[in-house]
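Trainee: only the shape, not the letters, is given here:
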C-alpha cells in the first residue's frame, strides 16, 4: 500500500492509495479555508462547546423530569438524537477503481475520533459502466461540479451515481480523480474513444 497526496499545498484532503489490485481516491471531510489563511474547515466535528454543556444541562433538568414518564422519554430521545447526529457524520468518501472489474463508491460515517461506524458501498460492474464524467449542476446561484458514474441499470436504462455526493470537493480534486479513473478504466486496458480533459 502506498499513499500519496497529489495536491498537498491546496487540497491535502485528497489522498490516492495504491493497493496491489486497485486504487482508492479518498476525500476526507475537511479542507483549507479559501481566504488563504491556512485555517482548516472541518465538515465532521467531534466536540463543540454545546456538547460539553450537555451534562450540566442534564444534571439540572433530570431531577425535575424524573417523576414524569413522558418528560423522561423526551429527554432520552433528545440525548439519543444528539448522539445519532454525532455518530452519522461523513468522515470520508472514496472512489475505488478495480481496473478489470469496475468502480466502487463508498461513504464512511461515524464519530471523528473513532473508526467508521457505518459504510455504504455501491459497486458498478465494468460491463455496465458507460462513462465516468465531470458534470455540472446548479445550486441556488452557484454552478457546482461533481463526478458521476454513468452506467446501465438492471432495466437497461442509463443512470448516474454521484461520487463524493456528501462532501462535494472543489474542481481540482475532481479533475485529479477523473483523470486517474479515465486512465485506469478506459485507456489502460482497452482502446476506447473516451477523451480526457
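Mentor: Yep, that arrived. Bear in mind the structure is a predicted one, so any value in this text is a computation, not a measurement.

Trainee: contacts and neighbour counts: CA atoms only from here.
Mentor: OK.

Trainee: distance from stretch 73-90 to the middle of the chain?
Mentor: 21 Å (CA atoms, centre = their mean, to the nearest Å).

Trainee: nearest residue to the most centrally placed residue in the chain other than its sequence neighbours?
Mentor: The chain has residue 93 as the residue nearest its centroid, 2.9 Å off, counting by CA atoms, centre = their mean. Spatial nearest neighbour of residue 93, excluding adjacent residues (CA to CA, 6 or more residues apart in numbering): residue 107 at 4.5 Å.

Trainee: just the pLDDT at that neighbour, thanks.
Mentor: For residue 107, the pLDDT comes out at 96.

Trainee: what strands line up against the strand or helix carrying it, and which way round?
Mentor: Residue 107 belongs to strand 102-110 when assigned by DSSP states H and E. Sheet pairing of strand 102-110 (DSSP bridges) gives strand 89-98 (antiparallel), strand 118-125 (antiparallel).

Trainee: can you name the farthest residue from the center of the protein?
Mentor: The chain, CA atoms, centre = their mean, max distance from centroid: residue 67 (43.7 Å).

Trainee: so it, which state does it fall into?
Mentor: Assigned with DSSP: H, G, I helix; E, B strand; the rest coil, residue 67 falls in the coil class.

Trainee: before we move on, the earlier item: what comes up buried for the strand holding residue 107?
Mentor: 102-110 (16 or more other CA atoms under 10 Å).

Trainee: outside of it, which residues touch it?
Mentor: 86-98, 116-127, 129, 163-164, 185 (CA atoms under 8 Å, 6 or more residues apart in numbering).

Trainee: which of the residues you listed are buried?
Mentor: 86-98, 116, 124, 126, 129, 163-164, 185.

Trainee: about what we covered before: got TSV for the strands paired with strand 102-110, with distance to residue 74 and mean pLDDT too?
Mentor: Putting the strands paired with strand 102-110 into TSV (distance: least, CA to CA, whole Å; pLDDT from 0 to 100) gives the following:
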stretch	distance to residue 74	mean pLDDT
strand 89-98	23	94
strand 118-125	26	95
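
Trainee: now these as JSON lines including distance to residue 81?
Mentor: Formatted as JSON lines, those follow (distance: least, CA to CA, whole Å):
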{"stretch": "strand 89-98", "distance to residue 81": "13"}
{"stretch": "strand 118-125", "distance to residue 81": "17"}
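
Trainee: now do the helices in this protein.
Mentor: 49-65, 69-87, 171-181 (DSSP state H).

Trainee: circling back: ok, what's across the strand from the residue nearest to the centre of the chain?
Mentor: residue 27, residue 107.

Trainee: residue 30 is in contact with that one, correct?
Mentor: No. Proximity of residue 93 to residue 30 does not meet the contact threshold set by CA atoms under 8 Å, at 11.4 Å.

Trainee: can you give the strand pairings for the helix or strand of the chain with the lowest mean pLDDT, parallel or anti for each?
Mentor: Every helix and strand of the chain was ranked by mean pLDDT, DSSP states H and E. The lowest is strand 40-42, at a mean of 78. The strands beside strand 40-42 in its sheet (DSSP bridges) come out as strand 30-32 (antiparallel).
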